[in-house]
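Trainee: Turn this into a model:
(3 chains)
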Amino acid sequence: MELKDKLISSFMAFEEKLDLNSDVHNIRSKSFNYFEKNGFPTKKDEAWKYTSLEKLLKNDYRIFPKKVISIELRDVKKYFLYDLDTYKIVFIDGIYSPFLSDTTHDGLDVCLLSAALSKPKYKKVIKKYFNKIALKNDSLTSLNTSFTKEGAYIFIPKTVVSEKPIQIIHFSTGKQGKMLLQPRNLIVVEENAQVQIIERHQSLKSFQILTNSVTEIFSNKASHVDYYKIQNDYEDSSIIDNTYISQDKDSNVKVHTFSLGGKLIRNNLNFFQNGENIESTMKGITIIGDRQHVDHYTLVHHSKPNCNSFQEYKGIFSDRSVGVFNGKILVDKIAQKTNAFQQNNNILIDDNATINTKPQLEIFADDVKCSHGCTIGQLDNSALFYLRSRGIPKKEAKALLTYAFANNVLESVQIPELKNRINSLIAKKIGVNLGHDL
Amino acid sequence: MAYTEEELKKELETKEYEYGFYTDIESDTIPVGLNEDVVRKISKLKGEPKWMTDWRISAFKFWTQMKEPDWSNVKYKKPDFQDISYYSAPKSKKKYDSLDDVDPELIKTFNKLGISLEEQKKLTGVAVDVVMDSVSVATTFRETLSKKGIIFCSISEAIKEYPDLVRKYLGTVVPFKDNYYAALNSAVFSDGSFCYIPKGVRCPMELSTYFRINQAGTGQFERTLVIADESSYVSYLEGCTAPSRDENQLHAAVVELVALDNAEIKYSTVQNWYPGNKHGKGGVYNFVTKRGICHKNSKISWTQVETGSAVTWKYPSCILKGDNSIGEFYSIAVTNNFQQADTGTKMIHLGKNTRSTIISKGISAGKSQNSYRGLVKIEPRAKNARNFSQCDSLLMGNLCGAHTFPYIEARNNSAQIEHEATTSKIGEDQIFYCNQRGIDTEKAIALIVNGFSKEVLNKLPMEFAVEAQKLLEISLEGSVG
Amino acid sequence: MLIIKNLHATVDGKEILKGINLELKPGEVHAIMGPNGSGKSTLASVISGNEDYIITKGEILFDDNDLSELDAEERAHLGVFLSFQYPVEIPGVTVTNFIKTAINSSRKATGKEDLPAAEMLKKIREKAKLLDINSKFLSRSLNEGFSGGEKKRNEIFQMAMLEPKLSILDETDSGLDIDALKIVANGVNKLRDKENGFLVITHYQRLLEYIIPDYVHVLFEGKIVKSGSKELANKLEEKGYDWIKKEIV
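Mentor: Reported below is the predicted structural model:
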C-alpha cells in the first residue's frame, strides 16, 4: 500500500478514537483534506527541487506505536545533557515516558501536548495559539497537524525566566519496525519571559525511521527564546523538521541547528516578525558524509520596521553527501530599516559531495540593509601551510582548520555545558584530538 | 524653493518615452495568425532551402506541444499568438549601394535616434547592419570585412550564401526544444544577423546591429548567430530602441554564440525598447534566449544594459565546455514605473579550470519589480572551476521591489564559488553631501547610480558607454530614493 | 559676509541651537569651540542646509541672502562650503569625476560655461600638489576605503577646487595625526585671503595652533557663551570646559 493511502486509512482509524466535535479536531480534518488533495511534495515543487523524499516514502512505516516500550536511563544517559539540571520531556516511540521525564507546573508549564489539548484549563491557550502559524498550505505540516496527538507543551507566563533549560527528547527504539513519528510541539513564551530549549531526536539503533515534526513557537513582547536542535542520529533515520516562530515586538529568538548525523534531514525554519525591534537569529553547523543529505530551508518574513535578522550556516561535506541551503528573506514594503544578513559557507571535502544553494532576497522596502553571501570552496591553503610550517602534520592541520571553520558558529551558544558537548561532537566528527576532555 | 521628492516623481512620471515615434514605411505583411502554412510561407517568401523549411516545421510542431512557462517572477497578459503577424518586410526590398538610396523616412528615423548611419560610418568606423523590422535594409563596411574573410550579413542571406556554416551551427547552442520561445523563434524567425570570424582573425572593428520594432502588431523574432573560429576575436554590439505603441509587442529573439578554441566573443547589448507608459500600459515583452558555448581556452563575455521593455525575461548564458574557458556576465537592469525584469545568467561549468564572473546591478524605481535569477553549476568533471558572483540592488522609492534568486549547484570539491548580494538605497547623506558641493539632487542621483553601475559600464565599448550612461539617466530621472 | 541672528534650530523635535548670534566678515577666521553635544556640528549643518535640521527662530544671512530659503546646493553655489566631519562614501564615483561635476554644477548655476577640460586638469593637478595628493588617489572612488586622514585631505582638496567664500571646517582635525594635520592646515592657510572667511569648528585647541583664528567663540548648550581672541582657546586647553560651565552657573 502506498504511504499516502495508508495514511488515509490510518486517519479514519485515528478519528474514531477522538472527540469529533472539538475545535482541534476541526483543524485536524481540514489539514487532512489539504494533505489528501496535495500529497507529498515532489522535486517538481520549487521548494523541494534539491531534496527528494521519493525513496523514503517507499517504506512501509508504522503510523501508530503498537506498545509502550521502556528503556533504562543508563542506556540513554549519554543523549541527555546530564551535567546540567534541566526539565525533561521524553518520548519513546512517540509515547510519553514519565520515568525519563522531569516536567513541572510550578510557575510554568512543561508538560505534554496531549494533556494541554484535553484539559479545560489550557483551552484558552490552545485556542489562541494552536496551529495559528503553522502553514496551512504545506503538505507535510498539514499531515502533522491532522495527526496531532502528542508532543511537548511549554508555557512560560509573563516575566517568568525559566531557571532550568528544557530538554525535549524523542527516542525511537526500532523494536516496532519502521516508523513514522509525528510529534507536535507548542511553545508559548509570554511577555518578558525567557526560556532555553534543547530538542533532540534519537534512534537507539539503526532502522528506518521518518520523523515529521512540527513546532510552533510564540515569542511574545520582549521575550527571549533560545532554541537548540541536535541532529546526530543513526544513518537510517530521517527527519523533516517544520518550525514556525512568531515574534512580537522587542523579542529575541535564536535557533541553532546542529546537523551531524542522519540519513535525510530537512529543516524548514520559518520566522514571522510581527512587531518592531525584533531580533531573529538562525545558525547552523552541518557536517556530514556518506550519502547523507541535509537541507536547510529558512524563511524570514520582515513585516514590521526596525527589525534585524541574522543567519549563519556552515557546512562541511564529504563522501557522496549532499548539502542544500535555501534561505529566503522577505521584506515587506512597510518594513523600513530592516537589517537582514545571511551567510552560507561551505566546504566540500570529497570529489563526490554536492552542494546546492539558493539564497533568495525579495525586497519591497527601500530603506533596508540586506545582504547574503555564499561561498563554496576548500580550506585556506595559506592557513594550512602556516600550521604545517609550525610542525602540525597535514591531516591534523586540515582537521583543525575544518574544526575552526565550523566552530565559530558556537560562540552564540548560551549554555556552556551544551557548547562543550557540541564542541566535542564536532571534534569527534572531524577527527580532531582537542587534547583535553570537553 | 526646494525641489521636493514629489515634484521629482511627478516629473519622472510625465517623462514620456523619448524615442516614441513611428515611421511610416509601407510594409509587406503576412496576415495575422500562426499555423504550419504560415511557417511554410515565411520560409518560401525568404526563398529558403528545404532543410531550413523542415527545421522550421519541426520547431513549430514541437512548439505546439509546449506550454508557456510561468516560473519567472513577472506578471503579464500572455500574448495571443494567433493575433500576431509573423512576417513583415519593408516593400523596397532592393539592396542599396549607398545610404542615399535608402528610404528618406528611414533615415529620418535613424537621425531621431541619433544613430545616423553616415555619422556612424565616418566617426566610429562601425559597420552597421540595420535590421528594420525583419529584413536587412542596409549594410556597410562589408568590403573592409570581407577582405579579412569576415562574414557579416543578415541570417537570411547567410542561409542562402553560406548554408554549410549555418547548418552546422544553427540550433546547436540553443536547440529549438530548449524552451517555449526558442521553439517559436526557430519556427518563425524572419531575420537577424550572422557573423563568422575566420581562424586567427581579429575583427578590426566593433560589429553592431540596431534592432527596431516598428510595424504595428508585428512580432519581432530575431535570430542571431555569431561564430568565432579558432583564435579569433570579435566584439559585437546590439542596440535597441522601439517606437511607442499602445498594444503589447512580443519580442522573442534567439542569439547563439560559438567560440571555438582560443577564440573570444564580446557581446554587448543596450536595450531600450518601449517600456510602456506610466500607468503600465503598452510596452514590449522581451523574452530572449541568449547563449554561448565556449570551447577550449575561449572566452565569452556578455554585457548588457537593460532599461526598456515592459517585461524582460532574459538570461544570457555560457556553457563552459572547453577546459580553461571563461564566461562573463555584466549586467545593469533598470526598471521604472510598471516595468518588470527577470534577468540574469547561467554559467555551466563542464570543463576543467573554467572560470566565470557575474556582476549584476539592478536598479528599481517607481512600481517596478526587478529580479536577478542566476545559476552557477559546477559539473563533476569541472576540476578547479571558479566562480565569483556579485548581485547588487538599488531601490528608489518604496513601491518597487528587488529580488535575487541565485541558484548554486556544486558537484566538484575543487570548486571555488563566491556569491555576494546586497540591497540598498541611495542614502540621504550621500545626496546631502553632493548638494553641499553644489550638485542638485537629480544630478546627484545620476552620479550615484553611475557609480553603482560603473563596474558594468566600464565593460562596454566606448561608443556604447556614453549612450548607456545617458539611458540610465533618462530612465531614472527624478526617482529620489 | 555671514550674519547669524538669534538662531534656534531643532533636530527630531529637540532644540539644539538656542539663540546663536555671530558675524563673520571677509578675511576673518572664527573658531567655534565647545564640549561634546554643545551644538557645534548642528551649527555647521544648519548653515549648509541639511534638511534634518529645522530653523525655528532667527535667521542666517550670507552676502544679504537669507540662507534658510535656499537648498543646500544653492547655498553651495553662493560659496558656502562644509568640510564634513564624516565625509560620505560614494562607491564607483571617482574623486576627479565628482569634483568636475561639482565645479560645473556651480558654474552652470551662475551662468557660466563648463570649465574646459584642460583647465580643469591643470587646476586639479595644482590643488592636488598643494595637499600632497597623488594622481592614483584622484581615480579612487570617493571616500570609499579612505583612511581618516585621506578623507579629510580630500575635503580640503575639494575646498581648494571649489574656492568657496565661506568654508566651515567641522572637526577637520579629528582622526588626524600630526603630519596629516599639518598638511591640512597648510592647505587651509594657503587658501586664506582677504575675500574669504573660515568657520573652524573644533573640540581641541590643537588645530588652532596651525590655523590661527581671529576670534574664538565658546558654544555651550546651544548658545555662544563666551567670545574672545586666540588666548581664549589656550585657556580652554589649559583649564578645560569646566570653568566656563561654572562661570555660566
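
Trainee: now the strands: where do they sit in chain C?
Mentor: In chain C, the strands defined using DSSP state E lie at C:2-11, C:14-24, C:29-33, C:53-62, C:65-66, C:80-83, C:90-94, C:141-142, C:166-170, C:197-202, C:215-220, C:223-228.

Trainee: nearest to A:I187, of these?
Mentor: strand C:14-24 (41.8 Å; CB to CB). Placement of C-beta: from N, CA and C, glycine included.

Trainee: if we can go back for a sec, mind giving me JSON lines with the strands of chain C and columns for distance to chain B, mean neighbour count and mean pLDDT?
Mentor: Output for the strands of chain C, formatted as JSON lines (distance: least, CB to the nearest CB, whole Å; neighbours: other CB atoms under 10 Å in any protein chain shown; pLDDT from 0 to 100):
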{"stretch": "strand C:2-11", "distance to chain B": "13", "mean neighbour count": "19", "mean pLDDT": "94"}
{"stretch": "strand C:14-24", "distance to chain B": "17", "mean neighbour count": "17", "mean pLDDT": "94"}
{"stretch": "strand C:29-33", "distance to chain B": "18", "mean neighbour count": "24", "mean pLDDT": "93"}
{"stretch": "strand C:53-62", "distance to chain B": "11", "mean neighbour count": "17", "mean pLDDT": "93"}
{"stretch": "strand C:65-66", "distance to chain B": "13", "mean neighbour count": "12", "mean pLDDT": "92"}
{"stretch": "strand C:80-83", "distance to chain B": "5", "mean neighbour count": "26", "mean pLDDT": "93"}
{"stretch": "strand C:90-94", "distance to chain B": "3", "mean neighbour count": "21", "mean pLDDT": "83"}
{"stretch": "strand C:141-142", "distance to chain B": "7", "mean neighbour count": "22", "mean pLDDT": "88"}
{"stretch": "strand C:166-170", "distance to chain B": "10", "mean neighbour count": "25", "mean pLDDT": "93"}
{"stretch": "strand C:197-202", "distance to chain B": "14", "mean neighbour count": "24", "mean pLDDT": "93"}
{"stretch": "strand C:215-220", "distance to chain B": "21", "mean neighbour count": "22", "mean pLDDT": "92"}
{"stretch": "strand C:223-228", "distance to chain B": "24", "mean neighbour count": "16", "mean pLDDT": "90"}
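
Trainee: closest to A:D75 out of those strands?
Mentor: strand C:90-94 (60.6 Å).

Trainee: Hmm, B:Y285 and B:G276 touching each other?
Mentor: No. Counting by CB atoms under 8 Å, B:G276 stays clear of B:Y285, with 10.1 Å between them.

Trainee: before we move on, back to that, got the strands of chain C as TSV, with distance to chain A columns?
Mentor: What follows is the strands of chain C, written out as TSV (distance: least, CB to the nearest CB, whole Å):
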stretch	distance to chain A
strand C:2-11	18
strand C:14-24	20
strand C:29-33	33
strand C:53-62	20
strand C:65-66	32
strand C:80-83	24
strand C:90-94	14
strand C:141-142	19
strand C:166-170	25
strand C:197-202	29
strand C:215-220	31
strand C:223-228	34
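
Trainee: Select, out of the ones you listed, the one closest to A:L3.
Mentor: Closest to A:L3 of those is strand C:90-94 (CB to CB; 54.0 Å).

Trainee: Show me which positions of the helix or strand of chain A with the lowest mean pLDDT end up buried.
Mentor: Among the helices and strands of chain A, helix A:381-389 carries the lowest confidence by mean pLDDT, DSSP states H and E, at a mean of 74. Buried residues in helix A:381-389, counted by 16 or more other CB atoms under 10 Å in any protein chain shown: A:384, A:387.

Trainee: For it, name the packing helices and strands.
Mentor: The helices and strands touching helix A:381-389, judged by 3 or more CB pairs under 8 Å, 6 or more residues apart in numbering or on different chains; DSSP states H and E, are helix A:394-407.

Trainee: Are the following helix or strand past the helix it packs on and chain B in contact anywhere?
Mentor: For helix A:394-407, the following helix or strand on the C-terminal side (DSSP states H and E) is helix A:416-430. No. Judged by CB under 8 Å from any CB of the partner chain, helix A:416-430 stays clear of chain B, getting no closer than 15.8 Å.

Trainee: hmm, back to that, return every residue with contacts to both of B:G276 and B:Y285.
Mentor: Any residue near both B:G276 and B:Y285 by CB atoms under 8 Å, 6 or more residues apart in numbering or on different chains counts here, and that gives B:A310.

Trainee: mind listing what the most centrally placed residue in chain C touches?
Mentor: A centroid search over chain C (CA atoms, centre = their mean) returns C:I168, at 1.9 Å, as the residue closest to the centre. If you count contacts by CB under 8 Å, 6+ apart, C:I168 has them with C:44, C:47-48, C:80-83, C:198-199, C:201.

Trainee: In chain C, where is pLDDT below threshold?
Mentor: For chain C, the stretches with pLDDT under 70 are C:249.

Trainee: Enumerate the residues of it near chain B.
Mentor: Counting by CB under 8 Å from any CB, chain C comes close to chain B at C:48-52, C:69, C:71-73, C:75-77, C:81-82, C:84, C:87-93, C:97-99, C:101-103, C:105-106, C:109, C:141-142, C:158, C:162.

Trainee: If any of the residues you listed are buried, give me the ChimeraX selection for them.
Mentor: Of the residues of chain C next to chain B, the buried ones can be selected in ChimeraX as follows, counting by 16+ other CB under 10 Å:
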select /C:48,49,50,71,72,73,75,76,77,81,82,84,87,88,89,90,91,92,93,97,98,99,101,102,103,105,106,141,142,158,162
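
Trainee: element containing residue 357, please.
Mentor: Went with chain A since none was named. Counting by DSSP H and E, the element that carries A:T357 is strand A:354-363.

Trainee: nope, chain B
Mentor: Here B:T357 is assigned to strand B:355-364, by DSSP H and E.
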